[in-house]
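**Q** got a predicted model here, sequence first, then my questions.
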Amino acid sequence: MLKHRYILPSIAAAAALVVAAAGGALSGGFGGTASAATNGTLAATAGCGKAPTLANGTRTISSGGQNRSYILRLPDGYDRNRQYRLIFGFHWLNGSAQNVSSAGYYGLLPLSNNSTIFVAPQGIDAGWANTNNRDLTLFDDIRTQVENDLCVDTTQRFALGWSYGGAMSYAVACARPTIIRAVAVLSGAQLSGCNGGTTPVPYFGIHGIYDSVLNISQGRSLRDTFVRNNGCTAQSPREPSRGSLTHITTVYTGCRSGYPVQWAAFDGDHTPSPVDGSSSPNDSRTWTSGEIWRFFTSLGSTNPTTPPGNPTTPPVNPTTPPAGGASQIVGVQSNRCVDVPNSSHNNGTRVQLYDCNRGSNQSWTYTSDKQLRVYGDMCLDAAGSGNGAAVQIYSCHGQTNQQWNVNSNGTISGVQSGRCLDVWSTANGAQIQLYDCHGNTNQRFNLVPLA
């Protein structure tokens, strides 16, 4: 069994418990939240300009009615007026926040050149079961505490972890896509849930080809979630042969701008620190930290969606429903139209953004009973009521999931859900979903008469 400084003496117990955890966690269901991100400028936190009260070391925090803890590492010479990158490093099963801190936050600390604030949370029972979303709540609470006291660039938050820590990083990507800029998942599996999991997030997966604890197929499955979400071209990446003692990193093509996916497969077992040319893991010689750091730092800033309860200013020329005539639904952010792909008439076809062309598949009529009809007998339909629910066409039946309020601030909200039409990208083919109304431009539309 592998032994190295990341794992300390507990590797054997950790491996057995991860396998047990995988069996239990993967059989359960997880409800969801999702969100959408829009490109924008840097955003400072409330802690910018303030004299900090937080300092390096172990911090305690009340979260979800429990006392939890994390280790904080500030850059040397912390400057209250500089916006810093924020990285969460999640430990493995039977590991600890102290292990992550001692190992330089998966080797990223020595590469950061005092540009980054690091956080290592401590899991309950040394793991990340995320029961009733308790660990997502911890992530939220730590982030809030740190950002209220320290200066963070809210468009440059990241998470990574190995094994159970990778599972928790994946859960954060699924559930907090507008909070997190990117994640790196080392030898992970779906052990901590995936609430949402339909919105793009830059993703870097790393896995050993003969992982004896969490099979590489589980890592591929996590990767493929974000291959789909990020609009990347599906492929079967090359992976090294056993005995080659190498790794192969694949950068997916076709991904939405700003949402890359990378996959690195290595000739090795269950370890966060593989070394090319050697079968012995080594923290200081591993290639993983360098590749993760390059992936994180290559990403430009995004402006996360404004949270519910903080609406943006309504547009100067708010949308008003037309008087029964056909209209195009034009996105304020994209200047593209709500479109039925390939002029499909099939129930369940998900609507998208596409260049406006005045075609029948972009011709919508807002009726007196609050339906948005296309082709005369098909309705804009919400496939669910939660954040991230698909918006599709379906034969009109008059139920509330096909009724819409066209609001004065340009949003279009579902009568059943109270949530707004929302799109995560301005590109052709960007799919439309439901999300909590906030009024950013990615949720605002103009109904432009076709007459």
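**A** Sure, I can see it.
**Q** other SSEs contacting the longest strand along the chain?
**A** Ranked by residue count under DSSP state E, the longest strand found in the chain is strand 152-162. Under the contact criterion of 3 or more Cβ pairs under 8 Å, 6 or more residues apart in numbering; DSSP states H and E, strand 152-162 touches strand 84-90, helix 104-107, helix 134-149, helix 164-175, strand 182-186, strand 303-304. Where you see a C-beta, it was placed from the backbone N, CA and C, and this is true even at glycine.
**Q** run through this protein and note the low-pLDDT ranges.
**A** 1-43, 301-324, 451 (pLDDT under 70).
**Q** tell me where it has helices.
**A** Along the chain, counting by DSSP state H, helices occupy 11-26, 97-102, 104-107, 134-149, 164-175, 216-229, 288-297.
**Q** helices or strands next to the shortest one in the packing?
**A** By that I understand helix 104-107. Packed next to helix 104-107, using 3+ Cβ pairs under 8 Å, 6+ apart, are strand 84-90, strand 152-162, helix 288-297.
**Q** I'd like those written out as TSV, with mean neighbour count added.
**A** Output for the helices and strands packed on helix 104-107, formatted as TSV (neighbours: other Cβ atoms under 10 Å):
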stretch	mean neighbour count
strand 84-90	26
strand 152-162	25
helix 288-297	19
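**Q** distance to V185 added to those, as TSV?
**A** Formatted as TSV, the helices and strands packed on helix 104-107 follow (distance: least, Cβ to Cβ, whole Å):
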stretch	distance to V185
strand 84-90	10
strand 152-162	7
helix 288-297	10
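**Q** quick one, which of those is nearest to A382?
**A** Distance to A382, taken as Cβ to Cβ, is lowest for strand 152-162 among the helices and strands packed on helix 104-107, at 29.6 Å.
**Q** centre of the chain to that closest one, how far?
**A** Centroid separation between strand 152-162 and its chain, computed with Cα atoms, centre = their mean, to the nearest Å, is 11 Å.
**Q** same check, this time on stretch 236-243
**A** Put simply, stretch 236-243 sits 27 Å off its chain's centre (Cα atoms, centre = their mean).
**Q** can you check stretch 212-223 too?
**A** Counting by Cα atoms, centre = their mean, stretch 212-223 is centred 19 Å from the centre of its parent chain.
**Q** and what of stretch 273-288?
**A** Mean-position distance between stretch 273-288 and its chain equals 28 Å (Cα atoms, centre = their mean).
**Q** using PDB, list the CA coordinates for stretch 70-86.
**A** In PDB, the C-alpha atoms belonging to stretch 70-86 read as follows (Å, rounded to 0.1, in the frame of the first residue of the first chain):
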ATOM      1  CA  TYR A  70     -10.400  25.400   9.400                       C
ATOM      2  CA  ILE A  71      -6.800  26.400   9.000                       C
ATOM      3  CA  LEU A  72      -6.100  29.800   7.400                       C
ATOM      4  CA  ARG A  73      -2.900  30.800   5.600                       C
ATOM      5  CA  LEU A  74      -2.500  34.400   4.600                       C
ATOM      6  CA  PRO A  75       0.100  35.700   2.200                       C
ATOM      7  CA  ASP A  76       3.300  37.100   3.700                       C
ATOM      8  CA  GLY A  77       2.900  40.900   3.900                       C
ATOM      9  CA  TYR A  78      -0.800  40.700   3.500                       C
ATOM     10  CA  ASP A  79      -2.100  44.000   1.900                       C
ATOM     11  CA  ARG A  80      -5.600  45.000   2.800                       C
ATOM     12  CA  ASN A  81      -6.100  46.800  -0.500                       C
ATOM     13  CA  ARG A  82      -5.100  43.900  -2.700                       C
ATOM     14  CA  GLN A  83      -7.600  41.400  -4.000                       C
ATOM     15  CA  TYR A  84      -6.200  37.900  -3.400                       C
ATOM     16  CA  ARG A  85      -7.000  34.600  -5.000                       C
ATOM     17  CA  LEU A  86      -8.800  32.200  -2.500                       C
END
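**Q** my guess is N387 contacts G196. True?
**A** Yes - with contact defined as Cβ atoms under 8 Å, N387 and G196 form a contacting pair (6.5 Å).
**Q** follow-up on the earlier one: the helices and strands packed on helix 104-107: which one's closest to D339?
**A** Among the helices and strands packed on helix 104-107, the nearest to D339 by Cβ to Cβ is strand 152-162 (29.1 Å).
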